[in-house]
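Visitor: Sequence and predicted structure below; questions after.
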Amino acid sequence: MAMIAPLVMGFITKTMASKGWNFSDLLGKIFESKSEITAALPQGLSDSLGLANLSLPKVELPKVEIPKVEVPKVDLPKVPPVNYGAIQEPKSGGGFLKWLIPLLIILIGAWWIMGRSGCNKSTVGGVTDSLSSKVDSMGSKMDSAGSAMKAGAAAVTSSVAGKLNEAGDFVRDLGAKINKKLADGTEISIGENSVENRLITFIEDKDKPVDKTTWFTFDRLYFETGKSTLKPESQEQLKNIVAILKAYPNVNLKMGGYTDNTGDAAVNKKISNERANAAMQELVKLGLDPKRLEAEGYGAEHPIASNDTPDGKAQNRRIDIRVTKK
């Protein structure tokens, strides 16, 4: 029974779906064929299962719309404790046979009907193999999704690793130094975690489309406090960006300026816009066509860290870039 039941249930599910039967239809088919089923059973098994005098009218299951009911709050009365030791369960005859016999009737009837409908061993094997394949596929997809989530979490963590310097700028951990060869043969020295490396990877990946949500944060671009004047140490990264865009002439960029939430929002938006344009103009001075660039300030919008700590505020004071064409 343990081996047959899953196979029969597979038959039942497949056949009901293909023929558009509901459970009432299945029972009707079984009882319409009762005499043929009992004739096919071994002698004496029909009486043992109680099939001889068994009949069941066809039942049509009506569609019922269940109304929404507001359940009133009821204060339940206090109930005295019950002496469970004094309670005895009523004895009943038949035991597990009461549910086993109907189950056997359904399984045997379904088996007989499926056999007449052309189901065979190969069909069972196909259903079993199909179910097993789908389960394996779902498990594989869940594993892949879990791995992707872990990888994404690791990427976020590495992108903000760093610390404040004495000037109050957030210095990111760029990882090991690597020499990166560009499409035109130019070679630049950058960090594994640097914005240059991530930007190049995005540009060269044909499966990564241009969109309005993928931004890259400059990790070595600093301004004088309260001003739009770039600090001298910003030049190295700006020169690298120019080299990248010259190596990939179809690529255009947008610069986005941001501040922390300190001070007046209107003032913050103004200075963020001035800083984004200052960075863009510096790229133009280094040889880029201004038609390939645009800039906009967003003030304290779209923070990438909490403004509740000095580290978070420093991370939010930044210039981002987005590829608008590649």
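Guide: Thanks, I have it.
Visitor: Same question for A266, what's its three-state structure.
Guide: The three-state label for A266, taken from DSSP: H, G, I helix; E, B strand; the rest coil, comes out as helix.
Visitor: Leaving out the residues flanking it, which one is nearest to it?
Guide: Closest residue to A266 apart from its sequence neighbours, by Cβ to Cβ, 6 or more residues apart in numbering: G299 at 8.0 Å. Any C-beta I mention is one placed from the backbone N, CA and C, and that applies to glycine too.
Visitor: thought the one you found was touching G263?
Guide: No. Counting by Cβ atoms under 8 Å, G299 stays clear of G263, with 9.9 Å between them.
Visitor: before we move on, the earlier item: ok, so what distance separates the residue nearest to A266 from A305?
Guide: 15 Å (Cβ to Cβ, to the nearest Å).
Visitor: which one of those two has more residues nearby?
Guide: Higher neighbour count among G299 and A305: G299, with 21 against 16, using other Cβ atoms under 10 Å.
Visitor: contacts for the helix or strand containing M255?
Guide: Secondary structure from DSSP states H and E places M255 in strand 252-258. If you take Cβ atoms under 8 Å, 6 or more residues apart in numbering as the criterion, strand 252-258 is touched by 215, 241, 245, 271-277, 279-280, 292-303, 316-326.
Visitor: Show the buried residues in these.
Guide: For the contacts of strand 252-258, a burial check counting by 16 or more other Cβ atoms under 10 Å picks out 241, 245, 271-277, 279-280, 292-295, 297-300, 303, 316-323, 326.
Visitor: Please flag which of the residues you listed sit within strands.
Guide: Judged by DSSP state E, the buried ones among the contacts of strand 252-258 include 293-295, 297, 318-323 as members of strands.
Visitor: Nearest spatial neighbour of D173, chain-adjacent residues omitted?
Guide: That would be A161: by Cβ to Cβ, 6+ apart, it lies 4.1 Å from D173.
Visitor: pretty sure the one you found contacts V171?
Guide: No. Between A161 and V171 there is no contact under Cβ under 8 Å: 10.2 Å.
Visitor: Of the two, which one has the most company?
Guide: Using other Cβ under 10 Å as the criterion, A161 and V171 rank with V171 on top: 15 against 11.
Visitor: Enumerate every residue touching the more buried one.
Guide: Going by Cβ under 8 Å, 6+ apart, V171 touches 162-165.
Visitor: which SSE is K239 in?
Guide: Counting by DSSP H and E, K239 is part of helix 235-247.
Visitor: Touching that helix from outside, list them.
Guide: Contacts of helix 235-247 (Cβ under 8 Å, 6+ apart): 182-184, 186, 188, 190, 194-196, 199-200, 203, 218-221, 230, 251, 253, 279, 282-283, 286-288, 292, 321.
Visitor: Mark which of these are buried, thanks.
Guide: Applying 16+ other Cβ under 10 Å to the contacts of helix 235-247 flags 182, 188, 190, 194-196, 199-200, 203, 218-221, 230, 251, 253, 279, 282-283, 288, 292, 321 as buried.
Visitor: Among those, which ones are in strands?
Guide: Members of the buried ones among the contacts of helix 235-247 lying in strands (criterion: DSSP E): 188, 190, 253, 321.
Visitor: In TSV: the residues you listed, plus pLDDT.
Guide: Converted to TSV, those look like this (pLDDT from 0 to 100):
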residue	pLDDT
I188	97
I190	97
L253	98
I321	98
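Visitor: And these, which is closest to K177?
Guide: Within these, proximity to K177 (Cβ to Cβ) peaks at I190, which comes in at 7.4 Å.
Visitor: quick one: that closest one from R198, how far?
Guide: Per Cβ to Cβ, I190 is found 10 Å from R198.
Visitor: Test my guess that K269 contacts A276.
Guide: No. In this structure K269 lies outside contact range of A276 using Cβ under 8 Å: 10.7 Å.
Visitor: Now list whatever residues contact both of those two.
Guide: Common neighbours of K269 and A276 (Cβ under 8 Å, 6+ apart) are G297.
Visitor: Please spell out which residues along stretch 222-238 are buried.
Guide: For stretch 222-238, by 16+ other Cβ under 10 Å, it's 222-223, 228, 230, 234, 237-238.
Visitor: Kindly report the same for stretch 161-178.
Guide: For stretch 161-178, a neighbour-count test (16+ other Cβ under 10 Å) marks 162, 169-170, 172, 174 as buried.
Visitor: Mark which of these are part of helices, please.
Guide: The members of the buried residues of stretch 161-178 all map outside helices under DSSP state H.
Visitor: any idea how far the nearest residue to N277 once chain neighbours are set aside is from V195?
Guide: Nearest non-adjacent residue to N277, counting by Cβ to Cβ, 6+ apart: A295, 4.6 Å away. A295 is 16 Å from V195, where distance means Cβ to Cβ.
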